[in-house]
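In: 3D, please:
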Amino acid sequence: MSIHLHKIKIQKTIFIGGIVLFFIKVTAFYLTNSVGILSDALESTVNIITGFVTLKSLQFAIKPRDEDHPYGHGKVELITASIEGILIGIAGILIIIEAIKRLGSPVSVVQMDIGIYLLLFTSVINYLMGSYSIKEGQKSNSIGLIAGGKHLISDTYSTLALIGGLVIYKFSGLQWIDSVLAIVLGIFILVTGFNVLRTTLNGLMDEADVTALGILIGHLEEHKSPSWIYIHKLTYLKFGSVSHVDLHLTVPWYFDMRKSKYEIQSLKKIISNHLPEDDVDISIQSEPCEYVMCQSCRVDCYDRRHQFDHDMPWTVELVTSTNKYNNSLKAETK
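Out: So this is what the prediction gives:
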């Protein structure tokens with residue numbers, strides 16, 4: 001089974017599971033008349049909606065590249081994850097509004113034991129599904145599965161907090177606790193929605209993933225050839241299962257096109273072997289070295305102007321920036 005079909009299979013399971021858990025929570029609400037349980041059930045409607053949208057987005061994202069989408073359709077996962085964040089936030093607001101209404105005229109909660117047992121069951125299932133979704137999402141680099149998994153985990157924690165509050169209510173008999181619990185739960189859900197939305201918007205705006213860049217640059221430094229004198233203007237963009245890497249590679253000035261091509265192909269192989277995406281698009285532009293680079297160059301060169309003095313570590317800041325030698329090049333020419 002391909003990684004794409006595997007992701008779809010996971011999401012189908014989560015979607016069906018969300019429907020089952022929603023009906024269990026609705027049953028718990030009708031049995032207990034608890035606004036806290038109602039708020040938990042309302043959030044489960046978001047699970048169902050976003051589960052369906054995420055499923056459709058995964059099915060759309062596996063479509064191959066075409067002329068209109070040269071980097072594939074993977075960003076649709078970010079769009080649907082953004083929708084999920086918005087819907088989570090709306091659910092939080094609705095929960096808070098309903099809880100405030102009931103706070104002024106609290107109602108009695110009945111058959112609390114049954115409600116607690118049902119909620120405990122749903123929290124366990126939610127946690128297992130969320131953990132699995134995050135784990136598989138990280139393996140396949142799927143922001144949709146990761147966002148959905150985080151939502152399920154947050155749903156688990158909020159349900160457990162609700163259960164704790166219901167236990168307190170059961171032994172204290174204070175009716176207002178149910179509404180207060182729902183308000184706290186609504187705020188927690190609102191914050192979760194904001195965090196999901198912020199993460200996905202950063203991805204849509206192609207914000208640099210510093211951690212991923214650091215890992216990639218570490219592999220490049222580990223396997224670099226002496227002929228790779230300098231790398232700069234590196235960008236790494238992810239589009240679902242497709243990624244794009246662009247960089248400038250400095251090689252000895254006397255390399256002919258065939259030799260430069262060989263070094264570029266070697267570098268491309270290392271990059272593609274150390275990226276998690278299935279489809280990697282790599283663009284490398286070769287540039288000739290300058291004499292100001294001699295001090296950090298280990299090439300046994302017949303045209304050296306300066307003795308080798310030190311290695312220049314490849315850091316994220318250095319490799320992603322523009323040519324650091326530009327100012328020196330203005331003062332020194334061949």
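In: what about the helices in this protein?
Out: With DSSP state H as the criterion, the chain has helices at 3-32, 35-61, 76-104, 112-140, 143-172, 176-204, 210-223, 257-273, 316-320, 326-331.
In: and the angle from the first one to helix 143-172?
Out: So that's helix 3-32. Relative orientation of helix 3-32 versus helix 143-172 (axes from the mean of the first three to the mean of the last three CA atoms, to 10 degrees): 20 degrees.
In: need the nearest residue in space to Ser272, chain neighbours excluded.
Out: Val280 (4.6 Å; CB to CB, 6 or more residues apart in numbering). All C-beta spots, glycine's among them, are computed from the backbone N, C-alpha and C.
In: return the per-residue confidence for the one you found.
Out: For Val280, the model assigns a pLDDT of 77.
In: and for Lys334?
Out: 44.
In: okay, the helices of the chain in JSON lines with distance to Asp303 next?
Out: Formatted as JSON lines, those follow (distance: least, CB to CB, whole Å):
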{"stretch": "helix 3-32", "distance to Asp303": "48"}
{"stretch": "helix 35-61", "distance to Asp303": "50"}
{"stretch": "helix 76-104", "distance to Asp303": "49"}
{"stretch": "helix 112-140", "distance to Asp303": "48"}
{"stretch": "helix 143-172", "distance to Asp303": "49"}
{"stretch": "helix 176-204", "distance to Asp303": "46"}
{"stretch": "helix 210-223", "distance to Asp303": "26"}
{"stretch": "helix 257-273", "distance to Asp303": "15"}
{"stretch": "helix 316-320", "distance to Asp303": "25"}
{"stretch": "helix 326-331", "distance to Asp303": "16"}
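In: make TSV out of those helices and add mean pLDDT and distance to His232.
Out: Shown next, in TSV, are the helices of the chain (pLDDT from 0 to 100; distance: least, CB to CB, whole Å):
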stretch	mean pLDDT	distance to His232
helix 3-32	85	33
helix 35-61	73	32
helix 76-104	73	28
helix 112-140	88	30
helix 143-172	78	28
helix 176-204	73	24
helix 210-223	80	12
helix 257-273	90	13
helix 316-320	83	6
helix 326-331	53	10
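In: follow-up on the earlier one: number of nearby residues for the residue nearest to Ser272?
Out: 18 (other CB atoms under 10 Å).
In: distance-wise, check it relative to Pro252.
Out: Val280 sits at a distance of 27 Å from Pro252 (criterion: CB to CB, to the nearest Å).
In: and the nearest residue to Leu185 once chain neighbours are set aside, what is it in contact with?
Out: Leaving out its chain neighbours, the residue that sits closest to Leu185 by CB to CB, 6+ apart is Ser158, at 5.0 Å. For Ser158, the contacting residues are 40, 43, 185, 188-189, by CB atoms under 8 Å, 6 or more residues apart in numbering.
In: which of the residues you listed ranks first by neighbour count?
Out: Going by other CB under 10 Å, Asp40 tops the contacts of Ser158 with 30 neighbours.
In: how close does it get to Phe15?
Out: Taken as CB to CB, the span from Asp40 to Phe15 is 18 Å.
In: got the contact list for the closest residue to Ile93 other than its chain neighbours?
Out: The shortest distance from Ile93 to any non-neighbouring residue, by CB to CB, 6+ apart, is to Leu190 (6.6 Å). By CB under 8 Å, 6+ apart, the contact set of Leu190 is 88-89, 92-93, 96.
In: which ChimeraX command selects the buried ones in these?
Out: Here is the ChimeraX command that picks out the buried ones among these, judged by 16 or more other CB atoms under 10 Å:
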select :88,89,92,96
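In: now, which of the contacts of Leu190 sits nearest Trp314?
Out: For the contacts of Leu190, the residue nearest Trp314 by CB to CB is Ile88; the value is 39.7 Å.
In: thought that closest one was touching Thr45?
Out: No. Because the distance of 10.9 Å does not satisfy CB atoms under 8 Å, Ile88 is recorded as not touching Thr45.
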